[in-house]
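**Student:** take a look and give me a structure for this.
(one chain, ligands or ions: 1)
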Amino acid sequence: MNSIKIMLEEKKMPTHWYNLAADLPNPPQPPLGPDGNPVSPQMLAKIFPMNLIEQEMSRERWIKIPDEIRDILYRWRPTPLRRAVYLERYLKTPARIYYKDESVSPAGSHKPNTAVAQAWYNKQFGIKKLSTETGAGQWGSALAFACTLLGLECKVFMVRISFDQKPFRKMMMKAWGADCIASPSLQTNAGREILKKDPDTPGSLGIAISEAVEQAVSDPSGKTRYALGSVLNHVMLHQTIIGLEAKEQLKTAGEKKIDVVIGCAGGGSNFAGISFPFVCDKIHGEKIRIYPVEPTACPTLTRGPFVYDYGDVARMTPLLAMYSLGHNFIPPAIHAGGLRYHGIAPLVSQATVEGLLEPKAYDQVKCYEAALLWAKTEGLIVAPETSHAVACAIEEAIKAREEGKERTILFCLSGHGLMDLAGYDKYMNGELKEACLSEDLLQKAVSVFQSHPQPKICRTGKW
Ligand SMILES: *Cc1c(COP(=O)(O)O)cnc(C)c1O
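**Tutor:** Numbers count the residues shown, from 1 in each chain. Below you'll find the predicted structure:
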């Protein structure tokens, strides 16, 4: 029998992160400042420490993982690669479905991979406190965990709707010593402005980012920086440890060829983590289909334009070249809170422009259905975000059965859903509605781009 759990020895954990910017035929276009010119490292220095800014701009293919970071990651890494044989049997599919289980980290998702790295680089740079935003609470809890290990203070602005729906993540943050408040809050100018206009707003990641950035740049001691859990190049970089480990493990499992790679996509980091090492193979000639999967309620890659847009509502961040639904966009309050961000990583965006990726969008009802099938066959109750990747893997496995083809499918199980059972409850009670974004709302959201500079569409046309 083939192995179901494919482990990797600690001493085989990757020593370097992989930087896709080194291999993309056209690297992502630079972030722009308010004057329309590329931002200089100096302009970002109040927001991020210089060592991470250097990583953000790097074109080096391999970047060494400092030993001290590896030492922290050993708590849960390498993570297991598992084969979903119980689901395969249920589906009677000839496909082999593998998943990288990132739910085993202390915070329950892939996010500590970058949280630990970011906290470490900030500490190296002499920073004492990190501020951040969180949607479903996954990122806030990951950063709280990392900060407590490294002795940094941590302040988290949590999107109001999740703050109310998901009290347990707040408690996790508190247990790890962080200060977590609902966003919009009365503690920042950005928050006060929004509450004046709309006191009942559910909040959004864009608003919470504005608040967290404002906290960092307005600290008179200069010892606070901001940390972002997704979207930026250095975050994608830190997450590539997922795909690099998976590659080794697939070799151990005797797989020579991977046909399909899948990740759910909010800001793009777990997707980038699992897929970028395979995107590299695709650039160099391998035939692999690579699917980022998003919700139909927030269809950034499948229906949004490729534009220069801000990362946040108050336009405190530089303009990033990315697919976006507009920095003002507040998506429907679906349960996959981590997939409600208006934009997506510039590296994922450029790989999409290039034709290397084939984005898909699924409705939350279909995703919960897939998640329950997963729970009843494989066992784990996955995060609502992760259910989008599960739904795609199931669809691919069924397609393989219908076509009578063997196929190797890999996806990232980005996190467990044990803190997110309220969404499952609603689905099981039949209270959950389909939440496809209407064309009207989409057009309204993207009208903000008329005044923005336009990125060039750089595509070699090879894929
Ligand atoms: C945050 C989160 C996501 C979405 O963020 P990405 O940056 O797109 O990975 C997906 N799954 C889980 C479990 C998360 O916590």
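**Student:** from now on I want contacts and neighbour counts done on CA atoms only, so please keep to that.
**Tutor:** Fine.
**Student:** how about whichever strand or helix holds residue 119 and the ligand, touching?
**Tutor:** Using DSSP states H and E, residue 119 maps to helix 112-124. No. Applying CA under 6 Å from any ligand atom, one finds helix 112-124 separated from the ligand by no less than 9.6 Å.
**Student:** counting by contacts, list what that helix packs against.
**Tutor:** On a contact count with 3 or more CA pairs under 8 Å, 6 or more residues apart in numbering; DSSP states H and E, helix 112-124 meets helix 50-57, helix 67-73, helix 138-150, helix 233-239.
**Student:** so which of those gets nearest the ligand?
**Tutor:** Nearest of the helices and strands packed on helix 112-124 to the ligand, taken as CA to the nearest ligand atom: helix 138-150 at 4.6 Å.
**Student:** lowest confidence element among the helices and strands of this protein?
**Tutor:** Lowest on mean pLDDT, DSSP states H and E among the helices and strands of the chain sits helix 160-165, with a mean of 87.
**Student:** what residues does that helix touch?
**Tutor:** Helix 160-165 is contacted by residues 135-137, 170, 181-184, 201-204, 333, 337, 422 when judged by CA atoms under 8 Å, 6 or more residues apart in numbering.
**Student:** got the contact list for residue 103?
**Tutor:** Going by CA under 8 Å, 6+ apart, the list of residues near residue 103 reads 109, 110, 413, 414, 415, 416.
**Student:** repeat that for 10 Å
**Tutor:** Applying CA atoms under 10 Å, 6 or more residues apart in numbering to residue 103 gives the contacts 76, 79-80, 109-111, 380, 382-383, 412-417.
**Student:** for residue 251, same thing?
**Tutor:** With CA under 10 Å, 6+ apart as the criterion, the residues that contact residue 251 are 6, 257.
**Student:** kindly report the same for the one 4 residues further on.
**Tutor:** Contact criterion CA under 10 Å, 6+ apart gives 96, 247, 248, 249, 408 as the residues in contact with residue 255.
**Student:** could you check how far the fourth one is from residue 463?
**Tutor:** The spacing between residue 249 and residue 463, counted by CA to CA, to the nearest Å, is 27 Å.
**Student:** which of the two has more neighbours?
**Tutor:** Counted by other CA atoms under 10 Å, residue 249 and residue 463 do not tie: residue 249 has more neighbours, with 22 against 12.
**Student:** in terms of pLDDT, where does that one sit?
**Tutor:** pLDDT for residue 249: 98.
**Student:** also residue 451?
**Tutor:** For residue 451, the predicted pLDDT is 88.
**Student:** now residue 340
**Tutor:** Predicted confidence (pLDDT) for residue 340: 83.
**Student:** okay, now it: neighbour count?
**Tutor:** Neighbour count for residue 340, taken as other CA under 10 Å: 29.
**Student:** next one: residue 68
**Tutor:** The local packing of residue 68 (other CA under 10 Å) involves 10 other residues.
**Student:** confidence score at residue 332?
**Tutor:** 83.
**Student:** let's verify it: helix, strand, or coil?
**Tutor:** Under the three-state scheme (DSSP: H, G, I helix; E, B strand; the rest coil), residue 332 adopts coil.
**Student:** that one contacts residue 202, doesn't it?
**Tutor:** Yes. If you go by CA atoms under 10 Å, residue 332 and residue 202 touch, sitting 9.5 Å apart.
**Student:** dump the helices and strands packed on helix 112-124 to CSV, plus distance to residue 434 and mean pLDDT.
**Tutor:** As requested, the helices and strands packed on helix 112-124 are exported to CSV (distance: least, CA to CA, whole Å; pLDDT from 0 to 100):
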stretch, distance to residue 434, mean pLDDT
helix 50-57, 37, 97
helix 67-73, 38, 98
helix 138-150, 24, 97
helix 233-239, 30, 98
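**Student:** adding distance to residue 292, write those helices out as a markdown table.
**Tutor:** Formatted as a markdown table, those follow (distance: least, CA to CA, whole Å):
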| stretch | distance to residue 292 |
| --- | --- |
| helix 50-57 | 22 |
| helix 67-73 | 26 |
| helix 138-150 | 19 |
| helix 233-239 | 14 |
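**Student:** for the ones you listed, give me JSON lines that also has distance to the ligand.
**Tutor:** Formatted as JSON lines, the helices and strands packed on helix 112-124 follow (distance: least, CA to the nearest ligand atom, whole Å):
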{"stretch": "helix 50-57", "distance to the ligand": "16"}
{"stretch": "helix 67-73", "distance to the ligand": "17"}
{"stretch": "helix 138-150", "distance to the ligand": "5"}
{"stretch": "helix 233-239", "distance to the ligand": "8"}
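**Student:** who's residue 262 bridged to?
**Tutor:** residue 291, residue 411 (DSSP bridges).
**Student:** now stretch 262-276: average pLDDT?
**Tutor:** For stretch 262-276, mean pLDDT rounds to 98.
**Student:** how long is that stretch end to end?
**Tutor:** Taking CA to CA, the first and last residues of stretch 262-276 lie 11 Å apart.
**Student:** what of stretch 102-121?
**Tutor:** With CA to CA as the measure, stretch 102-121 spans 22 Å from end to end.
**Student:** what about residue 59, neighbour count?
**Tutor:** Look at residue 59: counted by other CA under 10 Å, it has 15 neighbours.
**Student:** send the alpha carbons of the next helix or strand after the helix holding residue 119 over as CSV?
**Tutor:** Counting by DSSP H and E, the next helix or strand C-terminal to helix 112-124 is strand 129-134. The C-alpha trace of strand 129-134 is given here as CSV (Å, rounded to 0.1, in the frame of the first residue of the first chain):
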residue,chain,number,x,y,z
LYS,A,129,6.0,46.5,18.6
LEU,A,130,4.0,45.3,15.6
SER,A,131,0.6,46.5,14.5
THR,A,132,-1.6,44.6,12.1
GLU,A,133,-5.1,43.9,10.9
THR,A,134,-6.9,40.6,10.8
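**Student:** distance from strand 129-134 to the middle of the chain?
**Tutor:** Distance of strand 129-134 from its chain centroid, counting by CA atoms, centre = their mean, to the nearest Å, is 16 Å.
**Student:** re the thing from before, and residue 332 and residue 202? which has more neighbours close in?
**Tutor:** Taking other CA under 10 Å, residue 332 and residue 202 do not tie; residue 202 has more neighbours (19 against 14).
**Student:** which residues are in contact with that one?
**Tutor:** Counting by CA under 10 Å, 6+ apart, residue 202 has contacts 159-164, 182-184, 330-333.
**Student:** go again with 8 Å.
**Tutor:** Contacts of residue 202 (CA under 8 Å, 6+ apart): 159, 160, 161, 333.
**Student:** contact partners for the last one?
**Tutor:** Counting by CA under 8 Å, 6+ apart, residue 333 makes contact with 161, 202.
**Student:** quick check on it: phi, psi?
**Tutor:** The phi/psi pair for residue 333 (degrees, to the nearest 10) reads phi -80, psi 70.
**Student:** burial count for the closest residue to the ligand within the stretch 351-463 of the chain?
**Tutor:** Here the stretch 351-463 of the chain gets closest to the ligand at one residue, residue 415, 3.7 Å apart by CA to the nearest ligand atom. Number of residues near residue 415 (other CA under 10 Å) recorded here: 26.
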